[in-house]
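need a 3D model of the following:
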Amino acid sequence: MTEQTLKKVRSVLLYIAFITISLLVSYLLAYPAGYAPLGYEVISKQEETVKIQPYNTWGIEKEPITFQPVEGEEWEMERLVDLIEKQDMWYLLFFASCFIAFYSVAKDLWKGDNLQKVAWKTLFVVLFPAISLVQHLHDIQEILKNSL
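Residues are numbered from 1 along each chain as shown. Below you'll find the predicted structure:
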C-alpha cells in the first residue's frame, strides 16, 4: 500500500472510531443516565392518571405534573406515555450529532478550512436532530397543555 492510501485508511478508521465513541457516550447519557434537559419522565401510571416528572434546561427536576385525560380522550394518556418513553431515542440522536459536529469542527479547523464553511456544515449536522427533538418535546407539551 502506498503512504497516501494508508493515510486515507487511518483517517476513515479514526472517523469510524469517533462515531462509535460518540454513539456510546450518547447512549450512556440518554438511557442509563437519563439526562433529558427540557424532557419528561413517567413516575407512575394508573388507570385514569399518569404522574410525570418534567426537567428544566439543566436536567434538574421540576414540580411533578399529574395528567388526567378529558372524558372520552383516554387515548391521549397512552400517547403521552409512549412519547415520553421514546424521547430517549431523540436525545441519543441529538447528543450523537453534537459530538460528531464537535469532531468535525475540530478536524476541519485543524486542516485549515474556511470558518464559514465549517459553520454551515456543523449547522446541517446538528439542525435536523435538534428540530426533531424540539418537535417531539413540543408534542408532549401540547398534550399536557390540552389537559389543563
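
alpha carbons only for contacts and neighbour counts from here, please
Fine.

thinking Thr122 is in contact with Ser97, fair?
No - Thr122 lies out of contact with Ser97 (C-alpha atoms under 8 Å); the separation is 9.2 Å.

these two: which has the busier surroundings?
For Thr122 versus Ser97, neighbours defined as other C-alpha atoms under 10 Å are more numerous around Ser97 (24 against 19).

what helix or strand is Ser97 on?
For Ser97, the element it lies in under DSSP states H and E is helix 75-111.

let me fix that: Gln116
Counting by DSSP H and E, Gln116 is part of helix 115-147.

the closest residue to Leu137 other than its chain neighbours: neighbour count?
Spatially, and ignoring its direct neighbours in sequence, Leu137 is nearest to Gly39 (6.9 Å; C-alpha to C-alpha, 6 or more residues apart in numbering). Gly39: 25 surrounding residues under other C-alpha under 10 Å.

please apply the same query to His136.
17.

wait, it touches Gln87, no?
Yes - counting by C-alpha under 8 Å, His136 touches Gln87, with 7.2 Å between them.

pick out the residue closest to the middle of the chain.
With distances taken as C-alpha atoms, centre = their mean, the residue of the chain nearest its centroid is Tyr91 (1.7 Å).

pretty sure it is in contact with Ala36, am I right?
Yes - the pair Tyr91 and Ala36 passes the contact test of C-alpha under 8 Å, sitting 7.1 Å apart.

could you name every residue contacting both of the two?
Both Tyr91 and Ala36 are in contact with Ala30, where contact means C-alpha atoms under 8 Å, 6 or more residues apart in numbering.

wait, a strand at Pro32?
No - judged by DSSP: H, G, I helix; E, B strand; the rest coil, Pro32 forms no part of a strand; its state is coil.

no further queries at this time; thank you.
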